[in-house]
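# predicted coordinates and the sequence they were generated for:
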Amino acid sequence: MDELDIKILKLLEGNGRLSHEEIGKLLHISRPSVHQRVSKLEKSGVIKGYRGIVDWSKLDQKIKVMISVKVVSQSFREAADQIIGIEIPGVSILECQRMAGEWCMLLKVRVASPEQLTLLLDEILRIPDIRETSTTFILSTIYEDGIRGI
């Protein structure tokens with residue numbers, strides 16, 4: 001991987017729908033060269049996939065929170081799997097990160113209402129290995145997923 005690959009990755013991270021032609025024009029290299037590099041990055045697993053970026057303000061799940069979770073046992077993966085498996089209408093668990101420090105896990109969650117958040121927290125706290133949670137409401141997002149002002 002070289003500097004040109006990094007530039008291609010940054011462009012794709014900002015807009016995964018850029019064509020090889022557009023990337024080539026932006027970086028002043030040929031489309032076949034971009035195609036070859038992107039294919040190599042995909043085959044090596046550096047590019048894991050492409051996804052759409054959702055404008056959650058247009059959906060019902062307008063409330064975004066970060067939930068810190070303390071896990072008391074050594075079976076972190078099992079507790080994480082149980083949390084990720086929780087299904088409540090109007091609730092989306094977007095991320096689950098393992099953390100170092102006081103809190104073991106950090107969840108990024110979208111909910112439609114405070115009541116649904118309460119249901120989610122109740123379900124999380126029913127898991128035997130979970131000791132405690134702390135929830136932070138996000139007021140606005142400055143930078144996320146490589147995009148400013150989401």
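Sure, I can see it.
# quick one: contacts of stretch 141-150?
Residues outside stretch 141-150 that contact it (CB atoms under 8 Å, 6 or more residues apart in numbering): 10, 13-14, 53, 55, 64. C-beta coordinates here come from the backbone N, C-alpha and C atoms, glycine included.
# list the buried ones in that stretch?
Buried residues in stretch 141-150, counted by 16 or more other CB atoms under 10 Å: none are found.
# mind listing the strands for the protein?
63-71, 91-98, 105-111, 130-137, 143-144, 147-148 (DSSP state E).
# next one: stretch 111-120 to chain centre, how far?
In this view, stretch 111-120 has its centroid 20 Å away from the chain centroid, taken as CA atoms, centre = their mean, to the nearest Å.
# would you mark the buried spots in it?
Buried-residue list, stretch 111-120, by 16+ other CB under 10 Å: 111-112, 116-117, 119-120.
# quick one, what contacts the residue of the chain most remote from its centre?
Computed with CA atoms, centre = their mean, the residue of the chain farthest from its C-alpha average is Ser30, at 32.1 Å. Each residue near Ser30 by CB under 8 Å, 6+ apart is listed here: Gly24.
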